[in-house]
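1. Kindly generate the corresponding structure for this input.
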Amino acid sequence: MNIGENIKNFRTFRGISQQKLAEMLGKSKSVISNWERGENSPDLDSCEKMCKIFRVNPNELFGWEVNPEYAEHARKMEQFKADLAALEEERERIERQIHNVETAMWQKENPLLDIDCDN
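-> A predicted model of the protein is given here:
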C-alpha cells in the first residue's frame, strides 16, 4: 500500500473525517483528499502529526511495517464482509423460495381458464 491508502485507512480506522484531519493539520480538506488519492504526498511535518493522531509510527504510516491493531481490525472487517455476503446470498435464496411459494399459491387459487383461441 502507498502512503495515501494508509492515510485513508488509518483515518477511517480512527473515525476521523477528511475535514477533521484537515483541521487538525491546518490543511484544507482537498489537500487530504489529494494525499489519499496519491496525487500529492504530505510533508514531513504533516507525517509526524499524523503519526501522533493515528497513534502509529512512521514505518507503519509509510507501509514499511504492519500496524498490529489495524491489521486485526482489517482482518475482522474482511470476515464481516464475507459473513455479510453469505447472509445476502441466503436472503436472496429465501426470497426466491417465497416468490415460488406465492406463485404456486396464486396459481392454485386462480387456475387458468381453458380458452378456445380458434373462435
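
2. domain parsing for the protein?
-> Following automatic domain parsing, one finds the domains of the chain at 3-65, 67-108.

3. Stretch 56-75: how far from the chain's middle?
-> With C-alpha atoms, centre = their mean, to the nearest Å as the basis, stretch 56-75 stands 18 Å off its chain's centre.

4. do the same with stretch 71-87
-> 10 Å.

5. got the contact list for it?
-> 9, 13 (C-beta atoms under 8 Å, 6 or more residues apart in numbering). Using the backbone N, CA and C atoms, a C-beta is placed for each residue, glycine as well.

6. buried set for it?
-> Within stretch 71-87, not a single residue qualifies as buried, counting by 16 or more other C-beta atoms under 10 Å.

7. could the domains of the chain go into JSON lines alongside mean pLDDT?
-> Putting those into JSON lines (pLDDT from 0 to 100) gives the following:
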{"stretch": "domain 3-65", "mean pLDDT": "95"}
{"stretch": "domain 67-108", "mean pLDDT": "89"}
